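In: Okay, sequence plus prediction incoming.
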Amino acid sequence: METVLEVENLAKSFKDKDVIQDISFDVRKGEIMAILGPNGAGKSTTIRNIMGIMYPDQGSISFQNHREIPRHKIGYLPEERGLYKNVKVMDILLYLAELKDYPLKKARERALQYLKKFDLEGQENSSVEELSKGMGQKVQFISSIIHEPELLILDEPFSGLDPVSQELFKQEIRNLAENGTAILLSSHQMNLVEEMCDRLFLMHQGQKIIYGQMDDVKEEYANFKCTIRSNNDLQQLEVLPQVERVERDDDTAVLYLAKDVEPVDWLKHLPDSLSIQELSIDRISLHEIFIDIATGKNLIGEEGAVRA
Ligand SMILES: Nc1ncnc2c1ncn2[C@@H]1O[C@H](COP(=O)(O)OP(=O)(O)OP(=O)(O)O)[C@@H](O)[C@H]1O
C-alpha cells in the first residue's frame, strides 16, 4: 500500500521535558491508522508537529516522499473544538474550502450532501452559535473533509458524540478510507479503534510501545483470561498453572493467562478442589491491553514491535 505520510525519528521537548522521543510510523493510502496512548502520552504533540503547528527538535515528516507538506491535501480535526461563532454554517464551510484552494461550486455541493448525511439538512443558514456541541462537531468534521483531502488527521473525533452520531462518524471514516483517504486517528475509545483500525501505534510517555497491524497486535498481546465466579482463596487461584496474575472483585476473579495457553488443555488441569459457579474464557481486549500498559502492569517486552 502506498505510503502517504512518513514520520521518522521524531523528538520534541518542552523546556527540559522530553515529550516525544524517537517516534517513527507511516500512514498508508486507504487505511485507518490509530495513534493511541494514555493522557499525556504525546499523541497531540505528534499530530501538531505533523500539521506544522509546532516544529520537531529532531526527525523528519514527509508527505508522498516530499518534505514539503501540502496543507491543501490534508484534512485536520483538532482536539480543540470550535468554529467562528457568528458565521453561517455554509459560509464557514465555503471559507475553509477556499483556504484549501478547492472549487467553491463543488464545495457547496459537497457541503449540502454532507449536511444531509449528518442530519443537518436545512442548517446551512444557521449561525454556528445556534448549534449544539455535537452539531458543531459534525460541521467541524465536514470542514476537515470538504476539500477531499488525501490524508485526514482526526484527533479524538468521537469525544462528546452521542451513540448515533458516533455511528455516523464511524461509517463516514470507513467510507473515506475505502475511497483511498489515508487516515490517522487518535481516540480513547478502544472498542471503536479495535473495530475500525487496520494498524495502530501505541505510545506511552512519549515513546513507542506497540506498532503494527491490529490483527497481529491482538494475536501477539491479547492472551486469554479466565473469569471464575465463586469463593476461592486468592492464593489458590494465583498458584494455578500458567496464571500470570489474578484480579478479584467480590466473588469474581479474573485470571490472566500466559501467552500460548491452550484453553482446553488448561481447563483439563484445573484441580478438583476449585469451586466454580460460573466460568468463561475470552481473549483480553485492546481496552485491557491499553490499561495494562498505562498502569504499568503489562508484560510487554522492550521491543514492542509486530509486523507494521
Ligand atoms: N505547549 C506545551 N508546553 C509544555 N508542555 C506541553 C505543551 N504541549 C504539551 N505539553 C506536554 O506534553 C505532554 C504530552 O501532551 P499531549 O497533549 O501531546 O498528550 P496526549 O497524548 O495528546 O494527551 P491527551 O490524551 O490527554 O490529549 C504532556 O505532558 C503535556 O503536558
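Out: Alright, I've got the coordinates.

In: and the helix ranked longest in the chain, what's its mean pLDDT?
Out: Ranked by residue count and defined by DSSP state H, the top helix of the chain is helix 163-178. Here helix 163-178 scores 95 as its mean pLDDT.

In: What helices and strands are in contact with it?
Out: strand 32-36, helix 133-145, strand 151-155, strand 182-186, helix 190-196 (3 or more C-beta pairs under 8 Å, 6 or more residues apart in numbering; DSSP states H and E). Every residue, glycine included, has its C-beta placed from N, CA and C.

In: residues contacting the residue lying closest to residue 232 once chain neighbours are set aside?
Out: Spatially, and ignoring its direct neighbours in sequence, residue 232 is nearest to residue 275 (5.6 Å; C-beta to C-beta, 6 or more residues apart in numbering). The contact partners of residue 275, by C-beta atoms under 8 Å, 6 or more residues apart in numbering, come to 230, 231, 232.

In: try 10 Å
Out: Residue 275 is in contact with 228, 229, 230, 231, 232, 233, 236, 251, counting by C-beta atoms under 10 Å, 6 or more residues apart in numbering.

In: Counting neighbours, what do you get for the fourth one?
Out: So the one you mean is residue 231. When neighbours are defined as other C-beta atoms under 10 Å, residue 231 has 9 of them.

In: top of the contacts of residue 275 by neighbour count?
Out: Going by other C-beta under 10 Å, residue 228 tops these with 23 neighbours.

In: Figure out how far whichever strand or helix holds that residue is from the centre of its chain.
Out: Using DSSP states H and E, residue 228 falls within strand 224-229. The chain centroid and the centroid of strand 224-229 are separated by 27 Å under C-alpha atoms, centre = their mean, to the nearest Å.

In: Show me which positions of stretch 259-275 end up buried.
Out: 261, 266 (16 or more other C-beta atoms under 10 Å).

In: about what we covered before: kindly export the longest helix of the chain (C-alpha atoms) in CSV.
Out: This file holds the C-alpha atoms of helix 163-178, laid out as CSV (Å, rounded to 0.1, in the frame of the first residue of the first chain):
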residue,chain,number,x,y,z
PRO,A,163,-24.0,6.9,20.0
VAL,A,164,-26.0,7.7,16.8
SER,A,165,-23.6,10.4,15.8
GLN,A,166,-20.7,8.2,16.7
GLU,A,167,-22.0,5.6,14.3
LEU,A,168,-22.4,8.2,11.6
PHE,A,169,-18.8,9.4,12.1
LYS,A,170,-17.6,5.8,12.1
GLN,A,171,-19.3,4.9,8.9
GLU,A,172,-18.1,8.1,7.2
ILE,A,173,-14.5,7.5,8.3
ARG,A,174,-14.7,4.0,6.9
ASN,A,175,-16.1,5.2,3.6
LEU,A,176,-13.3,7.8,3.3
ALA,A,177,-10.7,5.1,3.8
GLU,A,178,-12.4,2.7,1.3
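
In: what is the orientation angle of it with helix 133-145?
Out: Computed with axes from the mean of the first three to the mean of the last three C-alpha atoms, to 10 degrees, the direction of helix 163-178 lies at 10 degrees from that of helix 133-145.

In: and the angle for helix 163-178 with strand 182-186?
Out: Using the same axes, to 10 degrees, the inter-axis angle of helix 163-178 relative to strand 182-186 is 150 degrees.

In: who's in contact with helix 163-178?
Out: Contacts for helix 163-178 (C-beta under 10 Å, 6+ apart): 29-33, 75, 77, 114, 117-119, 134-135, 137-138, 141-142, 145, 148-149, 152, 154, 157-162, 181-183, 185, 189, 192, 195-198.

In: neighbours around the nearest residue to residue 107 once chain neighbours are set aside, how many?
Out: Closest residue to residue 107 apart from its sequence neighbours, by C-beta to C-beta, 6+ apart: residue 97 at 3.6 Å. Residue 97 has 23 neighbouring residues, counting by other C-beta under 10 Å.
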